[in-house]
Each structure stands twice: as C-alpha cells, then as structure tokens.
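Participant: Quick one: sequence plus predicted model below, questions after.
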Amino acid sequence: MPFSSLGLIPPLLRAVSEKSYTAPTAIQSAAIPAILRGEDVLGLAQTGSGKTAAFALPLLQLLQQAPNEKPKPVRIVILAPTRELAAQTGASLRAYAQHLPQQPKIAIVFGGVSINPQMLHLRGGADIVVATPGRLLDLIDHNAVNISRASTLVLDEADRLLDLGFAEEIKRILALLPAQRQNLFFSATFPPAVDALAAALLQQPLRIEVEATDAGKPDIAQTAIAVDEGRRTQLLRHLIQQQQWSRVMVFVATKYAAGHVADKLRRNGIHAEAFHGELSQGKRTQVLADFKAARLQVLVATDVAARGIDIAQLPAVVNYDLPRSVSDYTHRIGRTGRAGQSGAAVSFYSAATEAHLRLIENRLQLKLPREQVPGFEPAEKQQAMTEEAAALATEQLNGGIKGKRKSKKDKLREAAAKSGDGTPPQ
Ligand code: AMP
C-alpha cells in the first residue's frame, strides 16, 4: 500500500518522500487513517516500527484545519519520557511539517536545562507542545503555557513514562486537559500499570499490535555470549574489530560502569564516550550528536539515558551488563535493526548472571543461541542457583527497586504456606 492511499495531503506526502520512505510501516498503515478520523489509538509497537510518523503525520494534517488564532492555543500535547525522545519527536514533527502551507509552531520542552528560553519561546502560545511531564507542569505552574484547549494527547512510550515514575505527573496533566479529546497511546510493552492507564484514558480505541513476527518487525540477530566478567571489555574490543562494527551501543548497569568502560576503550584507541543521566544536558546533546553523525564509534550508556533514542543504521547493540527488566531488554535491542535494517544484539553473560538471562528468556518466550568466542571461553564455572538468588533475580526482573515489592499480605501468605497452614490470611 503506498503512502498516497492513506488520505494524507500532498505537502505531507512530499515530506515523506524526501525522507525516502517508500511505503508505510504496518503501524502507519493502520493508525494514519484512524487518527485522521479522530479515533483513539492504542499502539503496541516496538521501537523502530515507525510510530512517530504514525501519529505525527495525521496530527499535522488535522492541525491544518484548525483556525489561526493569536495567541495560539495548544492543540496537541505529546508527552515523552526523556529529553532525548522529546527532542527527537519534535525534530521529526518539524521535518514532516516543512512543506505545510500553515506552519505549525512546535515547542519542545524538557527539564535539565534553563526554563527561561522555553518560557520565552512559549510567548504567543504554540500549536504543539512536545514535553517531558515534569517540565510541562513547571511551565504550567509558571503560567507559561495553558493546555486547557488541547484536542489531542499523545503518550509516547507509556511504559517508560510509568517506569520512570511519572504516574503522578501524568495524572495532574490529565486533569488539566479538556475531558473531550483524542488520545493516542503508544507503548512497546504492556505491563498491568500501562494496561490500567490505557483503559482509563482511551475510548473505544483502535488497537494496533505490531507483532514480533510481522514483516515490518526489525530484523535483529540476537545472541548470548558466555564470558568471564573481568574479560568483557577485551571481548568487546575483539568483537568491534572482528565484526567491523562501524558503530555500537553498549549498555551497562551503572553510570560508573559507563565511564569506566568508555575510558578503557579510549585507552585502547577506540573512540568511545559514556552516556548517562548525570552528564550535563550540553554534554549529552553533544555526545549523542557525535554518535548520530558517526563521529563517535561506541556509546556506552545506561538505560535511563538511552531510552527512545533513534540512531539510523546502528549495526549493533551489546548488553555488557544484562538488563534488569524484560522491557529494558526489548528497548535496548530495539536501538538496532530499525526501519527494516538488520542488526545484531549481543548479550554477555557469565556464571553469575546466566540464571538471570534464563529468566529474561522465559519471560520473552525466546531462547537466545549461546555462543563462545575462541580465546574468550569462560573459566568460571556456573554455580547452581540457590533458591534465594533465584527469588532475588525474579524480583529484580519484576521491576527491582522501583517495581513491586512483596506486599505484607504476600509475606504473610508465604509464612502461612511454610508453616503448613495452607490458608492464606484474608
Ligand atoms: P520510530 O519507531 O518512530 O522511532 O521510527 C524509527 C525509524 O524509522 C526512524 O528513523 C524513521 O525515520 C524511520 N521510518 C519511519 N517510517 C518509515 C517508513 N515508512 N519507511 C522507512 N523508514 C521509516
């Protein structure tokens, strides 16, 4: 199906063809006509599925029909979990809008930078606000923006928004929006909290699920390589060379590890930088721009910093540390193999982390091929996992520190089961 059959106006079709998109992705074919009709949409889409254009194109078209008012009332609110995703979505909107007769004013606002220029930019209003939730509320509190007339709300990467603890902010923002509006909800994963939010928000939505087996699904070769923990950086260097990865995104568990691994790579002549939440916004922007422009070969990142980032033609992702949760795994590997390109996703595991890897596989109903690289065969023996370690790993997988801990009731239930009294307390 060509783009021209989706009901989009010529200036948008022109922008799409300038992007060299030849055909709509699965989510675009389904969502664009529905959004143009004003329907709510629930998009269960992996990263790289083309979901940004799926909502951006029809919303820009609907905006063309809105009367030109001064000051401009905010008509579309797009909430994104991270600064990078907000910036990226805003940039995509601007690119798709460039040939429209009525140029929309798009404000991109996020925390971690001075609020003043954003307040200044919002003078005279805006048609579209792309925002991280906390900063949007700050701006509303400063009377710099008013969303009471918005006709559309987009929640992008809703699972991430909730993971990052934005539930309260979203609630406040919802209360400030008109009750009558179009809602577009996108999430790569669908845990119960996301399900509940979607159910509360959406009215008879069109549900679009981009299946893992879909032809439009990113083509990612996933493998797990056994390696002793102390030799991971060496193995990483070896793979970069052997596989001739022009660029690679390496995921680690902590900010410290990001700095440490990047330093070690640099000392060995590989152009690498750390990317994590404690860097200044200026540094983050610069590192990301360098990586996007292929001036930087290796980006060593933590999960929080890397969410939603779209890097064109990224050949490989390496899980140096295994992700804590299943949704982190999905998001991490989704950085490669975007928009129909193939990619490699390699997960390092050791004797100490193999059980955690198995839990991730079970949750994803997937079995990663196990590999060893000659010269890097692990020396450490795998230890049988104690019951306690298994329970801890399961808890971590369920969201760890930020996630659901055992409730008092759960603990009582367990105690009752252990004491042989099978009846759980009411
Ligand atoms: P997203 O899932 O929105 O982050 O998009 C992932 C990547 O796919 C971005 O680099 C888009 O520019 C690209 N893209 C979106 N739609 C298409 C399409 N129809 N054909 C080819 N590439 C696309």
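Facilitator: Cool, got the structure.

Participant: Up against the ligand, what does the protein have?
Facilitator: Applying Cβ under 6 Å from any ligand atom, we find that the chain lies next to the ligand at 21, 24-25, 28, 47-53, 310, 312, 338-339. Bear in mind the C-beta positions are built from the backbone N, C-alpha and C, glycine included.

Participant: Any of those residues buried? List them.
Facilitator: Neighbour-count burial (16 or more other Cβ atoms under 10 Å) is assigned, among the residues of the chain next to the ligand, to 21, 24-25, 28, 47-53, 310, 338.

Participant: count of neighbours near the nearest residue to Ile35 once chain neighbours are set aside?
Facilitator: Distances taken as Cβ to Cβ, 6 or more residues apart in numbering put Pro58 closest to Ile35, at 3.8 Å, once the chain neighbours are dropped. Burial of Pro58 is recorded as 27 neighbouring residues (other Cβ atoms under 10 Å).

Participant: Would you mark the buried spots in the host helix or strand of Pro58?
Facilitator: Pro58 belongs to helix 51-64 when assigned by DSSP states H and E. By 16+ other Cβ under 10 Å, the buried positions in helix 51-64 come out as 51-63.

Participant: average model confidence for it?
Facilitator: Helix 51-64 shows a mean pLDDT of 97.

Participant: C-terminal to that helix, which secondary structure element comes first?
Facilitator: Following helix 51-64 in sequence, per DSSP H and E, is strand 76-79.

Participant: contacting residues around that following strand?
Facilitator: 55, 59, 63, 86, 89, 127-133, 136, 147, 150-156, 161, 166, 170, 173, 177 (Cβ atoms under 8 Å, 6 or more residues apart in numbering).

Participant: and it, what's its mean pLDDT?
Facilitator: 98.

Participant: Which elements pack onto whichever helix or strand comes after it?
Facilitator: With elements assigned by DSSP H and E, the helix or strand that comes after strand 76-79 is helix 83-97. If contacts are counted by 3 or more Cβ pairs under 8 Å, 6 or more residues apart in numbering; DSSP states H and E, helix 83-97 sits against helix 10-18, helix 51-64, strand 106-109, strand 128-131, helix 281-292.

Participant: re the thing from before, any quick PyMOL command for the buried ones out of the contacts of strand 76-79?
Facilitator: Buried subset of these, written as a PyMOL selection, criterion 16+ other Cβ under 10 Å:
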select buried, resi 55+59+63+86+89+127+128+129+130+131+132+133+136+147+150+151+152+153+154+155+156+161+166+170+173+177
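
Participant: and Ala345, what element?
Facilitator: strand 342-349.

Participant: wait, Leu184
Facilitator: Counting by DSSP H and E, Leu184 is part of strand 182-187.

Participant: so the residue nearest to Ile35 makes contact with Ala31?
Facilitator: Yes. If you go by Cβ atoms under 8 Å, Pro58 and Ala31 touch, sitting 7.4 Å apart.

Participant: can you list the weak-confidence ranges in the stretch 201-350 of the chain?
Facilitator: Along the stretch 201-350 of the chain, segments meeting pLDDT under 70 span 211-218, 305-308, 337-341.

Participant: ok, the residue in the stretch 51-200 of the chain positioned nearest to the ligand - contacts?
Facilitator: Going by Cβ to the nearest ligand atom, the ligand is nearest to Thr52 of the stretch 51-200 of the chain, at 3.2 Å. Going by Cβ under 8 Å, 6+ apart, Thr52 touches 88-89, 92, 156.

Participant: Sounds good, over and out.
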